[in-house]
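*Asks:* Got a predicted structure here, sequence first:
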Amino acid sequence: MELYVHLAGPFPSNEGHEEVLVNSRQPVFAWPVFRHGAGIEGPLHLRLYVHLRDAIFRGDLAEGMTLPGEFALSERFHVSRATVRRALGELANRGLISRHPGRGTLVRARSDFAPLVATIEGALERTRLISAVSKAEILEFEDVPTPTDVAKALQLDDATVCMLVLIRRMRGEPFVHFTSWVPLAVGHSLDRADLERSTMLPLLEQDRHRIIEIRQTIEAAPASRRVARSLQLSPGAPLLRVERVVVGVEGIPIEWSIALYRHDRHQYRINLQGTREPSS
């Protein structure tokens, strides 16, 4: 499962800025001062990486900005070019910058940042928990003409897909409006009673529909009139929108879904665990 979430802060504070001309096409920019020993442990290239990363997250290094070359950065931060090269490599590996021969190194747009990666097993366990503590009400489960965006997401040429629309309630209160589209072969293998009993993912994780990849994007969205009515909200109320593409064993998408959660009745929690040993 790919969870598109970008974590920032708290950041190490840097007192003072230095104004430098990034290049002749850009205005004067105030670089945060890099202090080699400023509260960050580890090799020098990692400290420089953290410094540049935090500048990107704060917006000090704006999307699309062209960074100076290795020599200019080494002069600016009083480190070797090898240190700069390794720090830029860390930024590139994490999708924060991109390198283009002849164009230089660019700060990537936030929407282009590399996703955090979790396990399919974790996603399945989470959906099983949701089905255990909530009840589903199926609003629609039928074959429908394939919308353009669905055809693109599922890489389908078929004129018809199977669509499922339901809401889930916890303690009688609705908390999510869920719409799923699957190819006819997948949809016709699903049973309405099973869909009321279980969430979609465990049902897809069966037989030839075995899942090899899940891609998820999470963002805020306003409630449409139809969804607001289902979730007992006012139109335009804020929702947590989770878009998901499920890829089957043959590398072909087998489901595209959009889940719209009430912001006051649902939340995502992420626990990140490191491999570093605690300091003695």
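*Replies:* Arrived safely, thanks for sending. A quick note: this is a predicted structure, and the numbers were derived from the prediction, not measured. Residues are numbered from 1 along each chain as shown.

*Asks:* So which residues of the stretch 101-250 of the chain form strands?
*Replies:* 104-107, 116-117, 135-145, 160-170, 173-182, 211-222, 238-248 (DSSP state E, counting those that start in this stretch).

*Asks:* Least confident secondary structure element in this structure?
*Replies:* Least confident helix or strand, the chain: strand 17-21 with a mean of 35, by mean pLDDT, DSSP states H and E.

*Asks:* For residue 134, give me its contacts.
*Replies:* Contact partners of residue 134, counting by CB atoms under 8 Å, 6 or more residues apart in numbering, are 168-170, 175. To be clear about C-beta, it is placed using only N, CA and C from the backbone, and glycine gets the same treatment.

*Asks:* rerun at 10 Å
*Replies:* 167-171, 173-176, 199 (CB atoms under 10 Å, 6 or more residues apart in numbering).

*Asks:* hang on, the earlier thing: highest mean neighbour count out of the strands of the stretch 101-250 of the chain?
*Replies:* strand 173-182 (a mean of 21; mean count of other CB atoms under 10 Å).

*Asks:* Direction-wise, compare that strand with strand 160-170 and give the angle.
*Replies:* 160 degrees (axes from the mean of the first three to the mean of the last three CA atoms, to 10 degrees).

*Asks:* rewinding a little: any chance of the strands of the stretch 101-250 of the chain in a markdown table, plus mean pLDDT?
*Replies:* What follows is the strands of the stretch 101-250 of the chain, written out as a markdown table (pLDDT from 0 to 100):
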| stretch | mean pLDDT |
| --- | --- |
| strand 104-107 | 90 |
| strand 116-117 | 62 |
| strand 135-145 | 96 |
| strand 160-170 | 96 |
| strand 173-182 | 96 |
| strand 211-222 | 90 |
| strand 238-248 | 93 |
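
*Asks:* Same list (those strands) but as CSV, adding distance to residue 263.
*Replies:* Output for those, formatted as CSV (distance: least, CB to CB, whole Å):
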stretch, distance to residue 263
strand 104-107, 30
strand 116-117, 21
strand 135-145, 20
strand 160-170, 15
strand 173-182, 10
strand 211-222, 8
strand 238-248, 5
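
*Asks:* For residue 45, find the nearest of the ones you listed.
*Replies:* strand 104-107 (15.5 Å; CB to CB).

*Asks:* what does that closest one contact?
*Replies:* For strand 104-107, contacts defined as CB under 10 Å, 6+ apart pick out 23, 52, 55-56, 59-70, 73, 88, 91-92, 96-100.

*Asks:* next one: that strand to chain centre, how far?
*Replies:* Relative to its chain's centre, strand 104-107 lies at 22 Å (CA atoms, centre = their mean, to the nearest Å).

*Asks:* who does that strand pair up with?
*Replies:* Sheet pairing for strand 104-107, assigned by DSSP bridges, gives strand 66-67 (antiparallel), strand 97-100 (antiparallel).

*Asks:* Packed most tightly, which of the ones you listed would that be?
*Replies:* Greatest burial across those, using mean count of other CB under 10 Å, falls to strand 66-67, with a mean of 18.

*Asks:* Wait, residue 222 touches residue 240, no?
*Replies:* No - taking contacts as CB atoms under 10 Å, residue 222 lies outside contact range of residue 240: 11.5 Å.

*Asks:* Now the common contact residues for the two.
*Replies:* Residues touching both residue 222 and residue 240 by CB under 10 Å, 6+ apart: residue 260.

*Asks:* still on that earlier bit, which stretch among the strands paired with strand 104-107 comes nearest residue 162?
*Replies:* Residue 162 lies closest to strand 97-100 among the strands paired with strand 104-107, at 38.9 Å (CB to CB).

*Asks:* ok now the closest one, how far from the chain's centre?
*Replies:* 20 Å.

*Asks:* Over to stretch 188-205?
*Replies:* The chain centroid and the centroid of stretch 188-205 are separated by 25 Å under CA atoms, centre = their mean.

*Asks:* So for that stretch, what gets flagged as buried?
*Replies:* Burial within stretch 188-205, assessed by neighbour count using 16 or more other CB atoms under 10 Å, is assigned to 189-190, 195, 198-205.

*Asks:* Let's see which of those end up in helices.
*Replies:* 195, 200-204 (DSSP state H).
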